[in-house]
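> Attaching a predicted model along with its sequence, questions to come.
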Amino acid sequence: TVSAATPATISLSPAGFTFAGVSGGSAPAGQTLTIKNTGTGNLTWYATLNQSWCHISPSSGMVSPGSSAVATVTVDTPTNVGSFNCTAAISGPNTTNGPQNSGLTYNVTLPLSATMVLSNTAFVFSAVVNGTAPSGQTLTIRNSGAAALNWSATANQTWCKVTPSSGSLLPGATTSATVSVAAPFGGGTYNCSINVSAPNTTNSPQAVSAAYNITSSPTAIVSLSPLSFQFLASAGGGTPSPQILSVRNVGNANLNWSSAVSQSWCHISPSSGTVAAGGNSNVSVSVDRPSNIGTFGCSITIYETGNPTNGQQAAVSYKVDSSVVVNPSQVIAASVACGSVTVSWQPGRNATSYNLYRSTTNSLPSTIYVAGISGTSYEDTNVGLNTKYFYWVASMGATGGATAADVNSSQGISPSPCEADLTPSDKNLNAINGVSQPHNGCDYNQFQGAPQDKTLKNGDTLTFGINVCNIKGTADATTITLKDKLLNLSSPPGGFNARVDGQPLVFVTRTPQVGEYSYDTANFELDFNLGVVSKGLAKQITYDAQVKTQTNNATGCVKCQSQTVISFKKDSTSPLQTIDLYTPPIFYSVSK
């Protein structure tokens, strides 16, 4: 008679994975695939993946009936931006339902970038031979991007420098540096080029020039700071605040100065004055109330009275736009930390706050998700794992709000999962009759077994331990239970003496609650209810058992073995996961 082979059945958990990465960043952490055999025959399995950038380790193995194997699914370092898919097929001969597929989605987004804005790109310094060095002038550096700006400034001449020469700016932040030159060293005009650069920046490097005019005879010399002004306003709105122009005399004779403006809407007050050698005087630059929409220019000239050739100009830019509030031009969503999505955007014109919209489809919802955000970023922690989210941002201003539009939506993003990474040791033999035995810690694959040179007898007490470790997890492992089926082992007279981290558990005869355990004599089964192992932590469970042969007169070898099953939740929404611990049989020589 020829009988058919006993079939195996493949069960996979979870059915799919989602990975998130930033182009140019590091590869996301691997995720666990549990392969369970729910059939009645042995399962010899192997994995096949349809993309070269996704991997599984190990890629094959054997699982006995009712048991599980664990493999790690990983992806390569993120490069190209987009959403990519891969399928892991788990197959095996003599299976009732192979192959079984587990899908994988890999979302790669652009990294956030900084944008560098300089207040001035041309500086002019004047001095007299054997005189003092002119005062430094201010260079303002602003980060209008969405990432940190780490800038540095390098000059190609030793006589000019920028102080400080480097710094770091958060998005929207501004800092000031001083451009300065050395004491005058000889008559003539000298030029210096300053390179301002920053990595991960949309418009780096930028060039700043510094001209140094040194005259050889005593004279009054006009030096202005800054050399450019920018006024912004909305049509029908209020007049922009005046700005300060510093009139400096870097010569060695008194300066009597006069002024001229090229446009009637541009003003300087006072319009003339006197500055002593080496001194300076502050004047006010202002513009009229905004009316027409557009960008307008004006030049202000400060010159020595009676000598128009001895002077310097400052440029004024006046931008008047509509008072309409404009939405941000770009919205970026990224999952930097597990269990959250960070949404950031460029500032919207005339915006004083922002409304955030969210949807699980790429269709703008009608309901605002978060209103009145004052900054240009928001961390969304109210997210579900394995769910893709889309975001839109609408600007709000003094004259009303803009309508969120599909054009400023983010690319769909799924949060990086926060999951427990529960790793138990095998069942360790910690002690025999109170004498300690070697055993492993949180390593699932290093069972050391029992010493083979011990002679045991009926009634000897064995102390077992299992370490349940969530050291690498990013979430708590919850709803943890442990069931241990005993063979040729029974309860000692004093009970099982069960403990967690050295603290006693309560023994009950009913179904145990958290922090309790029970023993079913009919099935020779210990049941523990451990509750929770928090992320980054571990628990040690120890308990006693007594050697028991079939009869009191039996001698020779006895097989002491247990099958331990641990169940737990990886996160609050996942189904229960199971881990089977099949420790090797422990054979002892037994005397009366």
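Alright, I've got the coordinates.
> for this structure, what are the low-confidence residue spans?
For the chain, applying pLDDT under 70 flags the ranges 1-5, 236, 324, 336, 398-410, 438-456, 549-561, 582-592.
> Would you map the strands across the stretch 401-550 of the chain?
Assigned by DSSP state E, counting those that start in this stretch, the stretch 401-550 of the chain shows strands spanning 423-424, 428-432, 435-436, 455-457, 461-469, 477-487, 489-490, 499-500, 503-504, 506-507, 516-520, 525-533, 538-547.
> As JSON lines, those with mean neighbour count and distance to residue 32 would be great.
For every residue, glycine as well, the C-beta is placed using N, CA and C. Converted to JSON lines, these look like this (neighbours: other CB atoms under 10 Å; distance: least, CB to CB, whole Å):
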{"stretch": "strand 423-424", "mean neighbour count": "22", "distance to residue 32": "10"}
{"stretch": "strand 428-432", "mean neighbour count": "20", "distance to residue 32": "23"}
{"stretch": "strand 435-436", "mean neighbour count": "10", "distance to residue 32": "33"}
{"stretch": "strand 455-457", "mean neighbour count": "15", "distance to residue 32": "38"}
{"stretch": "strand 461-469", "mean neighbour count": "21", "distance to residue 32": "14"}
{"stretch": "strand 477-487", "mean neighbour count": "20", "distance to residue 32": "12"}
{"stretch": "strand 489-490", "mean neighbour count": "18", "distance to residue 32": "31"}
{"stretch": "strand 499-500", "mean neighbour count": "17", "distance to residue 32": "24"}
{"stretch": "strand 503-504", "mean neighbour count": "8", "distance to residue 32": "30"}
{"stretch": "strand 506-507", "mean neighbour count": "13", "distance to residue 32": "32"}
{"stretch": "strand 516-520", "mean neighbour count": "19", "distance to residue 32": "27"}
{"stretch": "strand 525-533", "mean neighbour count": "20", "distance to residue 32": "16"}
{"stretch": "strand 538-547", "mean neighbour count": "21", "distance to residue 32": "17"}
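> mind exporting stretch 19-29 as CSV, just the C-alpha atoms?
C-alpha atoms of stretch 19-29 as CSV (Å, rounded to 0.1, in the frame of the first residue of the first chain):
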residue,chain,number,x,y,z
PHE,A,19,9.3,50.8,4.0
ALA,A,20,10.0,54.5,3.8
GLY,A,21,13.3,56.2,3.0
VAL,A,22,14.8,59.5,1.9
SER,A,23,16.9,59.5,-1.3
GLY,A,24,20.6,59.5,-0.5
GLY,A,25,19.8,58.4,3.1
SER,A,26,20.4,55.1,4.9
ALA,A,27,18.4,52.0,4.3
PRO,A,28,15.4,51.5,6.7
ALA,A,29,15.5,48.8,9.3
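> Just the buried residues of that stretch, please?
19-22, 28-29 (16 or more other CB atoms under 10 Å).
> One more: stretch 326-343?
The neighbour-count check on stretch 326-343 (16+ other CB under 10 Å) flags 327-328, 331-335, 338-343 as buried.
> now the strands of the stretch 401-550 of the chain as CSV including distance to residue 158?
Formatted as CSV, the strands of the stretch 401-550 of the chain follow (distance: least, CB to CB, whole Å):
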stretch, distance to residue 158
strand 423-424, 61
strand 428-432, 70
strand 435-436, 72
strand 455-457, 86
strand 461-469, 60
strand 477-487, 63
strand 489-490, 84
strand 499-500, 70
strand 503-504, 71
strand 506-507, 79
strand 516-520, 78
strand 525-533, 63
strand 538-547, 61
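> quick one on the thing from earlier: sitting in strands, which of the buried residues of stretch 326-343 do you find?
331-334, 341-343 (DSSP state E).
> from the residues you listed, which is closest to residue 42?
For those, the closest approach to residue 42 (CB to CB) belongs to residue 341, at 43.5 Å.
> For the closest one, which residues count as its bridge partners?
residue 380 (DSSP bridges).
> how near is it to residue 375?
According to CB to CB, to the nearest Å, residue 341 stands 16 Å off from residue 375.
> same deal with residue 457?
From residue 457 to residue 375 the distance is 74 Å (CB to CB).
> For residue 99, list the residues it contacts.
Contacts here follow CB atoms under 8 Å, 6 or more residues apart in numbering; on that basis residue 99 touches 10, 48, 89-91.
> In strands, which of those residues fall?
Short answer: the contacts of residue 99 in strands (DSSP E) are 10, 48, 89-91.
> Quick check: of those residues, which lies closest to residue 67?
Nearest to residue 67 among these is residue 10, at 12.4 Å by CB to CB.
> State the distance from that closest one to residue 350.
60 Å.
> Next: residue 457.
Counting by CB to CB, the gap from residue 457 to residue 350 is 89 Å.
> Quickly check the buried residues of stretch 326-343 for the two that are furthest apart.
Largest pairwise distance in the buried residues of stretch 326-343, by CB to CB, is 30.1 Å, between 327 and 338.
> Quick check: residue 466 touching residue 428?
Yes: contact criterion CB atoms under 8 Å: residue 466 and residue 428 qualify, at 7.0 Å.
> circling back: please render the buried residues of stretch 326-343 as TSV that adds distance to residue 155 to the earlier fields.
Converted to TSV, the buried residues of stretch 326-343 look like this (distance: CB to CB, whole Å):
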residue	distance to residue 155
327	40
328	36
331	38
332	35
333	40
334	37
335	42
338	45
339	47
340	43
341	43
342	37
343	40
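> Looking at the buried residues of stretch 19-29, which are in strands?
Under the assignment DSSP E, those contribute 19-22 to strands.
> With distance to residue 272 as added columns, please give those residues in JSON lines.
Formatted as JSON lines, those follow (distance: CB to CB, whole Å):
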{"residue": "19", "distance to residue 272": "69"}
{"residue": "20", "distance to residue 272": "64"}
{"residue": "21", "distance to residue 272": "63"}
{"residue": "22", "distance to residue 272": "58"}
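> Appreciated, that's everything.
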